[in-house]
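In: Need a 3D model of the sequence below.
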Amino acid sequence: MAFVWILGVYIAFIALFLLVMLFGESPAFEGTIVHSAHTFITSRSCELIQVGIQRACGERAARFCSGACDAFLNKPNPALQIFYLVLIGGGWLLFATVALPLIPGLYLSAIHRYTAPLAVLGCLTTFLLTSFCDPGVLTPSNVDAHLRAFKIDNQIYEEKVCGTCQLPRPARSKHCSVCNRCVARFDHHCGWMNNCIGERNIRFFVAFLIGHTLLCWYGTYLIAQILRGEVDRRNLLPFVRAEGYLRPEEGWWGVAALLTQWLVTYFSNLVMLGAFTLVISWLLASFATYHLYLIYKNTTTNETFKWAGYHRWLREEALEKAKADAATKPVNSGVLVAALPSENHVREEDEKGLSKGEGARDVSRSMFRRLSRGWLSRTRWRNHVEMAIPEVKNIYDQGLFENFKEVLIPRSTRTGKKID
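Out: So this is what the prediction gives:
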């Protein structure tokens with residue numbers, strides 16, 4: 001049973017770590033423990049290491065550590081590219097060593113000896129294309145084409161000149177602080193690719209995510225079928241149930257635990273590799289689904305932050321306007337004027353009630369009524385503010401077909417095409 005727990009902890013650790021690293025910066029996790037863990041791993045940990053080195057080795061060593069962290073986190077470097085190659089190369093080497101010799105098997109034909117390396121090669125191709133293709137870097141010679149591609153929406157984009165590149169900033173572009181260049185239809189800077197993801201390579205990046213999701217599912221399927229074949233080839237299931245290894249009350253859970261223990265003992269490399277690919281596949285599938293959703297809405301990762309900030313600004317403006325209206329208009333005009341009851345005010349009224357000899361039940365009822373009125377007032381106030389927020393529209397969303405076409409065939413490469 002301990003083997004099952006060890007395997008479960010192994011899978012959970014991989015899943016949580018990759019969840020933090022892949023999705024920690026997403027607006028969906030802002031203010032959560034996932035975002036905090038990502039911040040700690042990517043920045044706070046470096047600060048703590050630097051402080052420790054400074055105390056142990058002196059200022060010079062601390063400056064060296066600070067420079068190394070800055071180079072790793074804030075400058076182009078191939079560290080994660082190398083890690084990816086080691087990861088996929090090591091995974092393939094392990095698979096070729098312990099899995100391919102068992103193909104063909106009871107449930108797998110020999111064709112998988114050829115399709116498996118082709119699948120890995122296809123994924124490597126998408127990695128190379130995403131890493132080394134031009135993401136849509138803006139230059140004096142092509143900036144006019146990008147300016148024609150998208151209209152300024154005057155919501156999250158406005159006419160401006162990049163202070164670093166000294167080029168007009170087309171809508172949907174951004175200056176990448178890591179690469180120190182402006183990129184058209186900027187999505188994000190990907191450390192795994194050591195490249196920006198922009199207008200010209202977003203298609204390869206999405207193909208990379210989908211391809212690696214399918215590769216991991218395929219690898220998990222092959223490993224599961226190999227292990228299933230080994231169990232059936234040895235008739236382990238009837239043997240375990242017939243030889244009395246289990247108590248009657250343990251049922252199928254006991255059978256599964258015993259078989260898992262046997263597989264971990266004799267096929268540990270395959271089991272661990274299969275668990276790894278299974279966890280990775282679902283995380284990659286989530287990431288791929290998220291980017292397909294962004295394409296469906298014709299927005300980018302960078303724009304999700306911009307839209308969140310824009311909506312926050314609109315809400316603050318509506319709140320200030322509502323407060324100003326409440327201070328100048330009468331109650332019967334529909335604007336909430338009365339201040340919401342504070343906890344101190346409620347407590348004071350309760351104490352007054354007790355001093356007048358009211359019973360505990362009466363005080364409780366009174367407090368409940370006041371809190372209910374306070375909650376209702378706050379709800380009405382929020383609704384009033386939300387109704388005052390003007391409706392916004394993403395002018396770049398041109399419908400499902402055009403949105404996906406824009407990714408596959410960059411708009412700046414299509415003469416005369418512009419979003420009105």
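In: How about the contacts made by the nearest residue to Pro410 once chain neighbours are set aside?
Out: Distance criterion CB to CB, 6 or more residues apart in numbering; nearest residue to Pro410, sequence neighbours excluded, is Glu199 at 4.7 Å. C-betas here are computed from N, CA, C, even on glycine. Listed by CB atoms under 8 Å, 6 or more residues apart in numbering, the contact set of Glu199 reads 135-136, 146, 183-185, 410-412.
In: Could you do Cys46 as well?
Out: Contacts of Cys46 (CB under 8 Å, 6+ apart): 65-66, 69, 73.
In: May I see the ChimeraX selection of the buried members of the residues you listed?
Out: To isolate the buried members of these in ChimeraX, using 16 or more other CB atoms under 10 Å:
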select :65,66,69
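In: Including pLDDT, distance to Leu167 and secondary structure, could the contacts of Cys46 go into JSON lines?
Out: Converted to JSON lines, the contacts of Cys46 look like this (pLDDT from 0 to 100; distance: CB to CB, whole Å; DSSP: H, G, I helix; E, B strand; the rest coil):
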{"residue": "Cys65", "pLDDT": "76", "distance to Leu167": "36", "secondary structure": "helix"}
{"residue": "Ser66", "pLDDT": "76", "distance to Leu167": "32", "secondary structure": "helix"}
{"residue": "Cys69", "pLDDT": "74", "distance to Leu167": "31", "secondary structure": "helix"}
{"residue": "Leu73", "pLDDT": "70", "distance to Leu167": "26", "secondary structure": "helix"}
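In: Name the nearest of the contacts of Cys46 relative to Leu129.
Out: Among the contacts of Cys46, Leu73 lies closest to Leu129 (CB to CB), at 25.1 Å.
In: From Phe287, how far off is Leu214?
Out: Applying CB to CB, to the nearest Å, the value for Leu214 to Phe287 is 13 Å.
In: what does Ala224 give?
Out: From Ala224 to Phe287 the distance is 23 Å (CB to CB).
In: chain center to stretch 99-115, what's the gap?
Out: 35 Å (CA atoms, centre = their mean, to the nearest Å).
In: Next, the distance between the ends of that stretch.
Out: 14 Å (CA to CA, to the nearest Å).
In: Could you give me the buried positions within it?
Out: In stretch 99-115, counting by 16+ other CB under 10 Å, buried: 99, 102-103, 105, 108, 112.
In: out of those, which are inside helices?
Out: With DSSP state H as the criterion, helices contain His112 from among the buried residues of stretch 99-115.
In: count of neighbours near the nearest residue to Val392 once chain neighbours are set aside?
Out: Nearest residue to Val392, sequence neighbours excluded (CB to CB, 6+ apart): Gln155, at 6.0 Å. Using other CB atoms under 10 Å, Gln155 has 14 neighbouring residues.
In: Please report how far Gln155 lies from Gly191.
Out: Counting by CB to CB - Gln155 and Gly191 are separated by 30 Å.
In: Likewise for Trp313?
Out: 30 Å.
In: ok, these two, which is more surrounded?
Out: Gly191 (20 against 10).
In: does the more buried one really touch Ile82, like I thought?
Out: No: counting by CB atoms under 8 Å, no contact exists between Gly191 and Ile82, whose distance comes to 11.3 Å.
In: how many neighbours does Lys405 have?
Out: 15.
In: okay, it: pLDDT?
Out: pLDDT, Lys405: 95.
In: cool, Met367 as well?
Out: 57.
In: Over to Ala327?
Out: 69.
In: Just say helix, strand or coil for Asp153.
Out: For Asp153, the assignment made with DSSP: H, G, I helix; E, B strand; the rest coil gives coil.
In: Where does the closest residue to it other than its chain neighbours sit: helix, strand or coil?
Out: Closest residue to Asp153 in three dimensions, ignoring its sequence neighbours and counting by CB to CB, 6+ apart: Ile395, at 5.0 Å. Judged by three-state DSSP, the three-state class of Ile395 is coil.
In: Repeat that for Gly31.
Out: coil.
In: swap in Val178?
Out: Val178 ends up coil, using three-state DSSP.
In: can you tell me how far it sits from Phe13?
Out: 29 Å.
In: Arg312 too?
Out: Taking CB to CB, one finds Arg312 at 35 Å from Phe13.
In: Thought Asn194 was touching Ser131, still the case?
Out: Yes: Ser131 lies in contact with Asn194 (CB under 8 Å); the separation is 6.2 Å.
In: Give me the common contacts of these two.
Out: Gln81.
In: Pro51 should be in a helix, yeah?
Out: One thing to correct before we go on: residue 51 is Val, not Pro. Yes: the assignment for Val51 by three-state DSSP puts it in a helix.
In: mind listing what it touches?
Out: Ala62 are the contacts of Val51 under CB under 8 Å, 6+ apart.
In: again, but for Tyr310
Out: Going by CB under 8 Å, 6+ apart, Tyr310 touches 155-156, 392.
In: can you check Thr139 too?
Out: Leu167.
In: Now do the helices for the stretch 151-300 of the chain: every range, in order, please.
Out: 202-233, 236-242, 251-266, 268-297 (DSSP state H, counting those that start in this stretch).
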